[in-house]
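**Q** Got a predicted model here, sequence first, then my questions.
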Amino acid sequence: MLSKLPEELLHLATQSLAYNLAYPSDSPSGAHFKNSSPELIALSAVNRQLRRISLPFLFAFFRLKRLEVLGELIQKCLSDQTFGRIIKTIKLDTMYFPMETGHEELCMLLPHLTRLACIDLQGYTSSIALLNAVNKHPSVSAMIVDSLYGVHHLPKPLSSLDLSKVVVECGSISHPGLETSYARGLKVYQLVIRQPESLKEEFGNSTFQGLHEISLAMNRHPILLGWLPRLASAHPQLKNVIFVDMSNSKMQFTSDTIPFILPFIEKSSQRGLDTTFNITRLVISRTQCGCLSTSGWHVAELIMNVQSSLLVILPIVASCFPCLRTLGFWIYHKRRYNVDKLVAVLASFRSLRVLKPARLFKQLRSPDEQLHRPWKPLRHIDKIHRVRRLGARAEARLYWYMSLISKGLPSLEAVYIEEEGYGDEKSCSHGDWFLQGWLSVRGARDFAGTLELGGISG
């Protein structure tokens, strides 16, 4: 049946299911690297035609997990030149990668990858040999390092080097020699400012190539954002400004500091809820290019600790932040929730794409739950690990409730789970277990991803 379809349609169909959604995706690594879906792997084994169509998608994003693979990859490219044209991104995985021998073989590989666009070094550092090889490669546009430590081993002074293809995922303005690096073309994706209270208005005249995000560590000192409109205007790629509470103090997120939250502060105060929550992370995103104003920016992400009922506080959040794409909450109470009522509240977030609940699923209830007990674990846990077996049963229950939630939220794309429990829930003792990880919500309302399960017996 498939063989009768035009190859153009087969190619489009393969492309549509080739990769899993990646979260978090708002980073250079997330943008440049994709993981092959189980459907793509299965499709590639159907017949020769689908194998040929699938290969460019299967190997476009190549993850190096062992140093020995470099030599094997070089030999593969020598024996099959078309293979070298498939790979678009190389990502070094968590492995031992000695700078001398590893970089030497990586430099030998690069000329064979004629359409390579990106090298992601993850936590590894660059070298002058690798930097020169990247700069000479005609199609490579980016070499990603996770921090400025990634260029730590480059020879000094940096003023003699061409850093125009180096992208730092997360850089700090306090790093020594930063101005010299930027002068040589270094790009920074996210700029972390750990003492924003010390910034003057002149900071708005600064220039950071490739800047997409600014992260402000909110401490106990008040901050002024007079520099932000000019900085945003001079950086058209800047799309997010992130406010992170480092002091666990509600005083950091006030309407004086962040005018976007004024309606929320007022409404929650009118309901007597202003002492029942605290915001831990707030992200404003640019709606369109222009100066920083409430018309040009909107609140796109909100993470908060909640002591009041979700059924009371979340409707206020939804009415004040209609463009919210990411919602997260840590529950600090033991109220129980009917899952249908909670889904009805969450459905009022029309733009919601990502949900980050913590300590939620133990609190959920449904009349239909009795039909599914006892919960059968989705993974095998040896009987001697009693607490982890409790976590495995909780995981099965969690997936069932998550399916109910996702069915009521058609715009939802991903969920980050943080759930925990104890060997004895009443006394919070006899060991504890936890579940955490990303789940991508798929079209059929099922999930891709695996949760990490851990536990300690008491």
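**A** Structure's in. What do you need?

**Q** alpha carbons only for contacts and neighbour counts from here, please
**A** Will do.

**Q** Buried residues, the top helix by length along the chain. List them.
**A** Longest helix in the chain, counting residues (DSSP state H): helix 386-407. Buried residues in helix 386-407, defined by neighbour count with 16 or more other C-alpha atoms under 10 Å: 386-399, 401-402, 405-406.

**Q** and that helix, what's its mean pLDDT?
**A** What helix 386-407 shows for mean pLDDT is 92.

**Q** Alpha carbons of it, as CSV, please.
**A** Output in CSV follows, covering the C-alpha atoms of helix 386-407 (Å, rounded to 0.1, in the frame of the first residue of the first chain):
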residue,chain,number,x,y,z
ARG,A,386,9.2,-1.6,48.9
VAL,A,387,9.3,2.2,48.7
ARG,A,388,10.3,2.3,45.1
ARG,A,389,7.4,-0.2,44.4
LEU,A,390,5.1,2.4,45.9
GLY,A,391,6.5,5.0,43.6
ALA,A,392,6.0,2.6,40.6
ARG,A,393,2.3,2.2,41.5
ALA,A,394,2.0,6.0,41.9
GLU,A,395,3.4,6.3,38.4
ALA,A,396,0.7,4.1,36.9
ARG,A,397,-1.9,6.2,38.7
LEU,A,398,-0.2,9.4,37.6
TYR,A,399,-0.3,8.4,33.9
TRP,A,400,-4.0,7.7,34.2
TYR,A,401,-4.8,11.1,35.7
MET,A,402,-2.5,12.8,33.3
SER,A,403,-4.5,11.3,30.4
LEU,A,404,-7.6,12.8,31.9
ILE,A,405,-6.0,16.2,32.1
SER,A,406,-4.5,16.1,28.6
LYS,A,407,-7.8,15.2,27.1
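
**Q** centre of the chain versus that helix, how much separation?
**A** Distance of helix 386-407 from the chain centroid (C-alpha atoms, centre = their mean, to the nearest Å) equals 23 Å.

**Q** ok, now stretch 202-221?
**A** Relative to its chain's centre, stretch 202-221 lies at 20 Å (C-alpha atoms, centre = their mean).

**Q** mind saving the C-alpha coords of it as CSV?
**A** Only the C-alpha atoms of stretch 202-221 are listed here, as CSV (Å, rounded to 0.1, in the frame of the first residue of the first chain):
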residue,chain,number,x,y,z
GLU,A,202,24.0,53.0,31.1
PHE,A,203,23.8,49.2,30.9
GLY,A,204,21.0,49.7,28.4
ASN,A,205,23.6,50.8,25.9
SER,A,206,25.5,47.5,26.0
THR,A,207,25.6,45.1,23.0
PHE,A,208,25.6,41.3,23.2
GLN,A,209,25.6,39.5,19.9
GLY,A,210,23.0,36.7,19.5
LEU,A,211,21.2,37.6,22.7
HIS,A,212,17.8,35.9,23.1
GLU,A,213,17.2,35.8,26.8
ILE,A,214,18.1,37.8,30.0
SER,A,215,17.8,36.0,33.3
LEU,A,216,17.7,38.3,36.4
ALA,A,217,18.4,36.7,39.8
MET,A,218,16.0,38.5,42.1
ASN,A,219,17.6,39.0,45.5
ARG,A,220,16.4,40.8,48.6
HIS,A,221,17.6,44.1,47.2
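
**Q** what does it contact?
**A** Applying C-alpha atoms under 8 Å, 6 or more residues apart in numbering, the contact partners of stretch 202-221 are 167, 182, 185-197, 227-231, 234-235, 237-247, 249, 251-252.

**Q** Just the buried ones from the residues you listed?
**A** Buried among the contacts of stretch 202-221 by 16+ other C-alpha under 10 Å: 167, 182, 185-194, 196-197, 227-228, 230-231, 234-235, 237-245, 251-252.

**Q** And the helices in the stretch 51-200 of the chain, which stretches?
**A** For the stretch 51-200 of the chain, the helices defined by DSSP state H, counting those that start in this stretch cover 68-79, 81-84, 99-109, 128-136, 178-183.

**Q** Make sure I have this right: residue 9 is in a helix.
**A** Yes. Under DSSP: H, G, I helix; E, B strand; the rest coil, residue 9 sits within a helix.

**Q** and it, what pLDDT?
**A** At residue 9, pLDDT is 84.

**Q** Then the one 10 residues further on?
**A** For residue 19, the model assigns a pLDDT of 80.

**Q** beta partners of it?
**A** residue 36 (DSSP bridges).

**Q** wait, isn't it in contact with residue 34?
**A** Yes. Using C-alpha atoms under 8 Å, residue 19 makes contact with residue 34 at a distance of 6.1 Å.

**Q** ok, for residue 383, nearest residue in space, not its chain neighbours?
**A** Leaving aside its sequence neighbours, residue 383 sits nearest to residue 389 (C-alpha to C-alpha, 6 or more residues apart in numbering; 7.3 Å).

**Q** which SS state does residue 203 fall under?
**A** Relying on three-state DSSP, one would call residue 203 helix.

**Q** burial count for it?
**A** Residue 203: 13 surrounding residues under other C-alpha atoms under 10 Å.

**Q** same question, the one 3 residues further on
**A** A count of nearby residues for residue 206, using other C-alpha under 10 Å, gives 11.

**Q** And it, what's its pLDDT?
**A** Model confidence at residue 206 (pLDDT) stands at 87.

**Q** correct me, but residue 119 touches residue 137?
**A** No. Look at residue 119 against residue 137 with C-alpha under 8 Å: they stay out of range, at 11.3 Å.

**Q** Neighbour count: those two, which is higher?
**A** residue 119 (24 against 16).

**Q** For residue 109, see how far away the more buried one is.
**A** The gap separating residue 119 from residue 109 is 12 Å, by C-alpha to C-alpha, to the nearest Å.

**Q** Relative to residue 19, how far out is the residue nearest to residue 112 when sequence neighbours are not counted?
**A** Leaving aside its chain neighbours, residue 112 sits nearest to residue 84 (5.6 Å; criterion: C-alpha to C-alpha, 6+ apart). Distance of residue 84 to residue 19, computed by C-alpha to C-alpha: 20 Å.

**Q** Could you check which of the two is surrounded by more residues?
**A** Applying other C-alpha under 10 Å to residue 84 and residue 19 shows that residue 84 carries more neighbours, namely 24 against 19.

**Q** Tell me which residues touch that one, please.
**A** Contacts of residue 84 by C-alpha under 8 Å, 6+ apart are 77, 112-115.
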